[in-house]
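Student: Need coordinates for the below:
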Amino acid sequence: MPTVFTIDDISRLDETLRQVVDERVTPGGAIICGVRGGEQHIITAGAIGEEAGAAPAHERTLYDIASLTKVVATWPLVGQLLADGMLELDAPVRDFLPAISGEAPSGQATIRQLLTHTSGLRAATRLDHYRGAEAPLHELLCREPLEDTPGTHRYINRGYILLGLALSYVSGQPLHELADDLWGRIGMTSTCYGPVARQPDVAPTEQRIPGAPRIWGSVHDDNAALLGGIAGHAGVFSTPLDLAHYADHLLTAHTNDQSDLSEWLHASLIGQATIEPGLQRGLSWILADDGRIAYHHGWTGTSLYLAPHTGRYLVICTNAVYHGSHARTRLAPLRALARKTLSAT
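Tutor: Okay, here's the model as predicted:
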């Protein structure tokens, strides 16, 4: 049976969320913690943002989830196409992209290496440097020289950009259509790639230039913005409720040995590379507590945690970049508490 959250668990999470709001780390936010197929607790605090008027943050607020895109869109789609025989985990990504003639060092990175951030690709990703180039994006990325020896962990967004391009090419569908089909089957009715309308239930993010309009309804990530808001590393908008539904879906699949998703999830929760002592990288997911906790963060102030062994999950949605990108680092106490709470048995 799943391990339920205690009253003390909920109280501590509520207190810490209110503290980060009071300290102007974020205008507001929502936490949903629950157990597989069972009870769910919703914690909210603060407001969505001045642009949304006095509307309080709530479980249906639509947030730019930033790098949670990697585990909410790209990772499950890679698993789906692997199961369909359209991708191979240990084959070079160039095999799943339009033909490239000649040398393509970064194109030799395997799907596994891209998922695990062990490809050796350049870590800095500035797609604006490609403005005016005649070659297509996949070729520009694949022709880049490697920066590290493959096998060493280093967080790299361009690897997931390549994965997004590969998913679209081998399936013959735009990435956002692939993702929409996936989310529709799961029942994530509010999740989508942006841009979305500037409405009171959409959380604004950062004001990049004083006196200029704030980013609101458009993707916060610069590279994803250059790709029209649709990319393998960022670009997805979702609600706390949808992310909780997704977490429950994954935990249910984890217990069902007959599903392709179960096999993919089990494989993904095996450590592939060391991030730092006590933390491993699985296939996309960060693994802690000897693999008992799997999680991922988003730059804008979002997090998703799974504890398959206890059947528990926890979702954090904030727009902490509202007060500037530096503010998101001050979410550390809330994220640490989330992980500690899920680690309890």
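Student: List the contacts of T149.
Tutor: G120 (CB atoms under 8 Å, 6 or more residues apart in numbering). Using the backbone N, CA and C atoms, a C-beta is placed for each residue, glycine as well.
Student: what ranges do the strands span in the stretch 1-150 of the chain?
Tutor: Taking DSSP state E, counting those that start in this stretch as the test, the strands found in the stretch 1-150 of the chain are 28-35, 40-46, 63-64.
Student: Where do the strands of the stretch 151-300 of the chain begin and end?
Tutor: Counting by DSSP E, counting those that start in this stretch, the strands of the stretch 151-300 of the chain are 192-193, 236-238, 273-276, 279-281, 286-288, 293-298.
Student: Please identify the deepest-packed of the strands of the stretch 1-150 of the chain.
Tutor: Of all the strands of the stretch 1-150 of the chain, strand 63-64 has the most neighbours on average by mean count of other CB atoms under 10 Å, namely a mean of 32.
Student: list the helices and strands that one packs on?
Tutor: Packing contacts for strand 63-64, counted by 3 or more CB pairs under 8 Å, 6 or more residues apart in numbering; DSSP states H and E, involve strand 236-238.
Student: Please tell me how far the strand it packs on is from the chain's geometric centre.
Tutor: On the basis of CA atoms, centre = their mean, to the nearest Å, strand 236-238 sits 9 Å off its chain's mean C-alpha point.
Student: contacts for that strand?
Tutor: Residues contacting strand 236-238 (CB under 8 Å, 6+ apart): 62-65, 68-69, 72-73, 179, 188, 190-194, 196, 202, 317.
Student: among these, which are in helices?
Tutor: Using DSSP state H, the subset of the contacts of strand 236-238 located in helices is T69, A179.
Student: who's in contact with W264?
Tutor: P76, G79, L82, A83 are the contacts of W264 under CB under 8 Å, 6+ apart.
Student: what about the first one, how many residues close to it?
Tutor: The burial metric for P76, expressed as a neighbour count using other CB atoms under 10 Å, is 24.
Student: gap between the residue lying closest to it once chain neighbours are set aside and L175?
Tutor: Excluding its sequence neighbours, the residue lying closest to P76 (CB to CB, 6 or more residues apart in numbering) is L182, at 6.0 Å. As judged by CB to CB, to the nearest Å, L182 and L175 stand 11 Å apart.
Student: What ranges does the stretch 1-150 of the chain have for its helices?
Tutor: 7-22, 69, 75-83, 111-116, 137-143 (DSSP state H, counting those that start in this stretch).
Student: so which of the strands of the stretch 151-300 of the chain is the most packed in?
Tutor: Of the strands of the stretch 151-300 of the chain, strand 236-238 is the most buried (mean count of other CB under 10 Å), at a mean of 27.
Student: Rounded mean pLDDT for that strand, please.
Tutor: For strand 236-238, the mean pLDDT works out to 99.
Student: same deal with stretch 60-69?
Tutor: Throughout stretch 60-69, pLDDT has a mean value of 98.
Student: do the same with stretch 114-131
Tutor: Stretch 114-131 comes out at a mean pLDDT of 95.
Student: Contacts for it next, please.
Tutor: For stretch 114-131, contacts defined as CB under 8 Å, 6+ apart pick out 75, 78, 93, 106, 109-110, 112-113, 137, 140, 144-163, 222-223, 226-227, 272-273, 281-284.
Student: need the helix or strand of the chain with the lowest average pLDDT.
Tutor: helix 260-268 (a mean of 93; mean pLDDT, DSSP states H and E).
Student: ok so, going back, mind checking which of the strands of the stretch 151-300 of the chain is nearest T16?
Tutor: strand 293-298 (16.1 Å; CB to CB).
Student: Which helix or strand lies directly C-terminal to the closest one?
Tutor: From strand 293-298 onward toward the C-terminus, using DSSP states H and E, the following helix or strand is strand 302-307.
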